[in-house]
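Colleague: next comes the sequence, and after it the predicted model I'd like to discuss.
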Amino acid sequence: MESIIKGKSHEITTPEEECLTTGPLDPCGIVIFGATGDLTSRKLAPALYNLYLTGTLPDRFFVLGAARSELDDEQFRDRIKKTCAEKDPSKWEEFADHVHYHQVQFDSTESFQELKDALESLNEEYQTEGNRIFWLAIPPSLYKQVARMLGTTGLSCEGDGRHRWSRLVVEKPVGRDLESAQDLNSAVEKHFQEPQVFRIDHYLAKETVQNVLVFRFANTVFEPLWNRNFIDRVEIMAVESIGVANRAEYYEESGVIRDMFQNHMMQLLALTAMEPPSIFDAEAVRDEKIKVFKSLRPLSPDRFAENVVLGQYGPGVVDGEEVAGYRQEPGIAPDSITPTFARLRVDVDNWRWQGVPFYLTSGKALAEKRTEIRIHFKPVPHALFRDTLGLSISPNILTLGIYPDEKINLTFQTKLSGAKVCLRSVTMEFHYHENHIGPILDAYEKAILDTILGDQTLFWRQDAVEACWAYFDPILNRCDEICSDREAGLITYPAGSRGPEGAEL
Ligand code: BG6
């Protein structure tokens, strides 16, 4: 019998090896549209190869690169080899045997019919049971067309005896405003059901971001404090030291709001603010997130000035190197009014968060690259140490570090040793990878695995995409109106600084 004094132990530990893999995966073919592009060579191909190295891909699989260029299998393999095999070439030849290429014209039904035939023969060769993933690593302007072609050639069909499942992975941006997102979603849903569509957000697949929900909902001690009674404000930042790099054309069209806020920042906000779902599954989690998005207080024009700061980097020094200002970057208009920095105060109008501001900050060409969520608790209600310390005692801060510090830390007050009662602020720290033996999954590796598993928990659902555009559309419209005003609308900050004056990090 359990001793009353000792109490009952509830310790449950999952053997670590069990957490490293997902268990058996369905055999499948992975078709990458845009196979000759940057995303494929930088992210997708290395992620697939790493999964292969760790034995995590299904036993039976093939990768089919599809793009407009005329290449053969060998030439395609050579193109991706450098980024894949540079660290560990030991299994490259084995992996490369599964990699093929098919030239495709995105506007030709005939070409998609040929693609279908090629897939049928690869399906026979690799015994992939008709399961297939179509990854859209192509410019967003082609998404609708490719979805339509897949639909009309029957490649989106599922469960028809020969084909068990067919999944479409859509990279961001999903539209550039509410109207275009609805238009894209309705074009896609003509051919694919929502459970077939995986709208990727690589932030959600980061280990430390996934950990936000575990931290909140697998511990008793924090959740009771996670509300307006104890929290003063929340800071969410994802700032970067790199500038626009070689993405001028894309960035001029998007700017920081479309590039970072409508997607990654909104997900970080939702994970911090959402209610606990009843179970950890895709629909339950995404049902709770959409409630957050629908509770966002609209930023009407009369509240804009006090709640939004927009900036654009000028020339400056980053990491000791002189860098050009945004307007001087190659491919950027010399009078561009695209914001590269934004700080927003966001209010979540619900019972839990009423009166707690969420400050969201993101920008390029800043002093450092840092992503974190910082929970600032309220000060103690009564300063009983006022005689020794004056009236103020630093409130507790809980930081969920995502990059570069993958750690959680909590600052609190302790007594400084000595005769007098003096306080000092100290930090309790947990390093996320401490004592961890297994490989760390990169965000794209996790996204690939979840797509094969058919688990949509870490992907955007259509209603959430649209709810976020509905929130940001008026903000974007207002940006267009005010950004030509360099004094009050779009403030220039030196590259390598901490942001526009008054909104520094
Ligand atoms: C991408 C944006 O989605 O996220 C980039 O398009 C940005 O502009 C990047 O640099 C940041 O991602 P991470 O994982 O480096 O924080």
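Modeller: It's in. Computed from a prediction, not measured in an experiment: that's the story for all the values here.
Colleague: neighbours of the residue of the stretch 201-350 of the chain found nearest the ligand, how many?
Modeller: Nearest to the ligand, among the residues of the stretch 201-350 of the chain, is Asp259, at 4.8 Å (Cβ to the nearest ligand atom). The C-beta positions use only the backbone N, C-alpha and C, and glycine is treated the same way. Per other Cβ atoms under 10 Å, the neighbour tally for Asp259 reads 24.
Colleague: report the contact partners of the nearest residue to it once chain neighbours are set aside.
Modeller: Using Cβ to Cβ, 6 or more residues apart in numbering and skipping the chain neighbours, the partner closest in space to Asp259 is Tyr251 (6.7 Å). By Cβ atoms under 8 Å, 6 or more residues apart in numbering, the contact list for Tyr251 reads Val244, Asp259, Ile332, Thr338, Thr340.
Colleague: out of the residues you listed, who has the most neighbours?
Modeller: Thr340 (28 neighbours).
Colleague: doesn't Tyr326 make contact with that residue?
Modeller: Yes. Under the criterion of Cβ atoms under 8 Å, Thr340 makes contact with Tyr326 at 5.4 Å.
Colleague: which neighbours do the two share?
Modeller: What both Thr340 and Tyr326 touch, as defined by Cβ under 8 Å, 6+ apart, is the set Gly243, Val244, Gln312, Tyr313, Lys364, Ala365.
Colleague: check which helix or strand the third one maps to.
Modeller: The reference is to Gln312. Here Gln312, judged by DSSP states H and E, is contained in strand 308-314.
Colleague: just checking, next helix/strand downstream of that strand?
Modeller: Sequence-wise, the next helix or strand downstream of strand 308-314 (DSSP H and E) is strand 316-318.
Colleague: packing partners of that following strand?
Modeller: Packing partners of strand 316-318 (3 or more Cβ pairs under 8 Å, 6 or more residues apart in numbering; DSSP states H and E): strand 321-323.
Colleague: paired strands for the strand it packs on, with orientation please.
Modeller: strand 316-318 (antiparallel) (DSSP bridges).
Colleague: off-centre distance for the partner strand?
Modeller: Averaging C-alpha positions (Cα atoms, centre = their mean, to the nearest Å) puts strand 316-318 27 Å from its chain's average.
Colleague: so what touches that strand?
Modeller: Counting by Cβ under 8 Å, 6+ apart, Ser241, Ile242, Gly243, Glu322, Val323, Gly325, Ala365, Ala367, Pro494, Ala495, Gly496, Ser497 sit against strand 316-318.
Colleague: got a list of what the second one touches?
Modeller: Contacts of Ile242 were listed using Cβ under 8 Å, 6+ apart, and they are Val318, Lys364, Ala365, Lys369.
Colleague: mind checking pLDDT for it?
Modeller: Per-residue confidence at Ile242 stands at 96 (pLDDT).
Colleague: gap between it and Glu194?
Modeller: Distance, Ile242 to Glu194, by Cβ to Cβ, to the nearest Å: 35 Å.
Colleague: likewise for the third one?
Modeller: Taking Cβ to Cβ as the criterion, Gly243 is separated from Glu194 by 37 Å.
Colleague: which of those two has more neighbours?
Modeller: More neighbours surround Gly243 than the other of Gly243 and Glu194, with 23 against 12 (other Cβ under 10 Å).
Colleague: remind me which residues of the stretch 151-300 of the chain are low pLDDT?
Modeller: 161 (pLDDT under 70).
Colleague: one more pass at 90, please.
Modeller: 159-163, 245-246, 300 (pLDDT under 90).
Colleague: just the buried residues from the contacts of Ile242, in ChimeraX please.
Modeller: A single ChimeraX command selects the buried members of the contacts of Ile242 (16 or more other Cβ atoms under 10 Å):
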select :318,364,365
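Colleague: save the contacts of Ile242 as a markdown table, and put in secondary structure, distance to Gln75 and pLDDT too.
Modeller: A markdown table is the format used below for those (DSSP: H, G, I helix; E, B strand; the rest coil; distance: Cβ to Cβ, whole Å; pLDDT from 0 to 100):
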| residue | secondary structure | distance to Gln75 | pLDDT |
| --- | --- | --- | --- |
| Val318 | strand | 37 | 94 |
| Lys364 | coil | 35 | 98 |
| Ala365 | coil | 37 | 97 |
| Lys369 | coil | 35 | 97 |
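Colleague: up against the ligand, what does the stretch 401-505 of the chain have?
Modeller: The stretch 401-505 of the chain has residues Tyr403 near the ligand, with proximity defined as Cβ under 6 Å from any ligand atom.
Colleague: now the stretch 401-505 of the chain against the ligand: closest residue?
Modeller: Tyr403 (6.0 Å).
Colleague: how close does the closest residue in space to that residue that isn't next to it in sequence get to the ligand?
Modeller: Once flanking residues are discounted, Tyr403 sits nearest to Thr371: 4.2 Å by Cβ to Cβ, 6+ apart. Here the criterion is Cβ to the nearest ligand atom, to the nearest Å. By it, Thr371 lies 6 Å from the ligand.
Colleague: which residues are contacting the strand or helix carrying Thr371?
Modeller: Using DSSP H and E, Thr371 falls within strand 370-377. With Cβ under 8 Å, 6+ apart as the test, strand 370-377 has contacts from 212, 225-226, 230-239, 268, 272, 395-405, 505.
Colleague: in the stretch 51-200 of the chain, what residue spans correspond to helices?
Modeller: Using DSSP state H, counting those that start in this stretch, the helices of the stretch 51-200 of the chain run over 73-85, 92-96, 109-126, 143-152, 178-189.
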